[in-house]
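**Q** Prediction below, plus the sequence it came from.
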Amino acid sequence: MEITLLIAFSAGLLAFLSPCVLPLVPVYLASVCGPQVFDPAVRPGHLVILRHTLGFILGFSLVFVAMGAAAGFAGFVLNSSATVRSVGGGLMVLMGLFVLAGLKFPWLNYQRGFHLSPGNITGSLRSLVVGAVFSLAWAPCIVALLGGTLSLALSTGGWWQGSYLLAAFSLGIGLPFVIIGLAFDALSPRIKRLGRYSLRLHAASGLLMIAVGISILAGWLGS
């Protein structure tokens, strides 16, 4: 199970590095911490940024973990190692091919626009709600990486295993948010430079998913 957790974490990290997440990190931080995050003179303290960032991460993590629990439970209901391997591994390979196809057809990688009107929601609760909403906005863009991880959760055949695989996926996305939020001035200029390698990272993620899918089909991973 350790290797599957590492795969799920890596998928989350690659999702963070995707073109629809990495370049917009400042926008996400401003959504939860306020536009003053761009002004060093009035920027909130590190503890305030950390609190809101953790709320944001918790929001999208709850959505993803719920998906993982559902996928794991579906695998349990199927109750057949051969069936689970075939479905989970096959989906993983298809998702990897989807990622590679996105290099040729960029329209496959899009982000759905969501606009949140939080009304009277304030503080950490607002950050949690923003995180949950952004998880839905990201879903179309990171569908292959998310879907691949859900396929891995399906192959585990248990809701609990599926939950912590998606928790590892969420950690892969969320940990860089914490680091960037706490060192915003130093790291924000490097975000653009890192974006130059997004196509290579995209290709690497597709190849990784295909390799994992084949491993599931061969019975080396999952149930």
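**A** Thanks, I have it.
**Q** going on from the helix or strand bottoming out on mean pLDDT in the chain, what's the next piece of helix or strand?
**A** Using mean pLDDT, DSSP states H and E, the weakest-scoring helix or strand in the chain turns out to be helix 184-194, at a mean of 66. Sequence-wise, the next helix or strand downstream of helix 184-194 (DSSP states H and E) is helix 198-217.
**Q** just the CA coordinates of that following helix, formatted as PDB?
**A** This file holds the C-alpha atoms of helix 198-217, laid out as PDB (Å, rounded to 0.1, in the frame of the first residue of the first chain):
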ATOM      1  CA  SER A 198       4.600  22.200 -17.700                       C
ATOM      2  CA  LEU A 199       4.400  20.300 -21.000                       C
ATOM      3  CA  ARG A 200       7.200  17.900 -20.000                       C
ATOM      4  CA  LEU A 201       5.600  17.300 -16.600                       C
ATOM      5  CA  HIS A 202       2.300  16.700 -18.400                       C
ATOM      6  CA  ALA A 203       3.800  14.100 -20.600                       C
ATOM      7  CA  ALA A 204       5.600  12.500 -17.600                       C
ATOM      8  CA  SER A 205       2.300  12.200 -15.700                       C
ATOM      9  CA  GLY A 206       0.600  10.500 -18.600                       C
ATOM     10  CA  LEU A 207       3.400   8.000 -19.000                       C
ATOM     11  CA  LEU A 208       3.400   7.300 -15.200                       C
ATOM     12  CA  MET A 209      -0.400   6.700 -15.300                       C
ATOM     13  CA  ILE A 210      -0.100   4.200 -18.200                       C
ATOM     14  CA  ALA A 211       2.700   2.400 -16.400                       C
ATOM     15  CA  VAL A 212       0.600   2.200 -13.200                       C
ATOM     16  CA  GLY A 213      -2.400   1.000 -15.200                       C
ATOM     17  CA  ILE A 214      -0.300  -1.800 -16.700                       C
ATOM     18  CA  SER A 215       1.000  -2.700 -13.200                       C
ATOM     19  CA  ILE A 216      -2.600  -3.000 -11.900                       C
ATOM     20  CA  LEU A 217      -3.600  -5.100 -14.900                       C
END
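**Q** Which parts of that helix count as buried, going by neighbours?
**A** For helix 198-217, the neighbour count (16 or more other Cβ atoms under 10 Å) marks Leu201, His202, Ser205, Gly206, Leu208, Met209, Ile210, Val212, Gly213, Ser215, Ile216, Leu217 as buried. Glycine gets a C-beta too; all of them are placed from N, C-alpha and C.
**Q** outside of it, which residues touch it?
**A** 7, 10-11, 14, 17-19, 22, 85-86, 88-100, 102-103, 144-145, 148, 151-152, 155, 221-222 (Cβ atoms under 8 Å, 6 or more residues apart in numbering).
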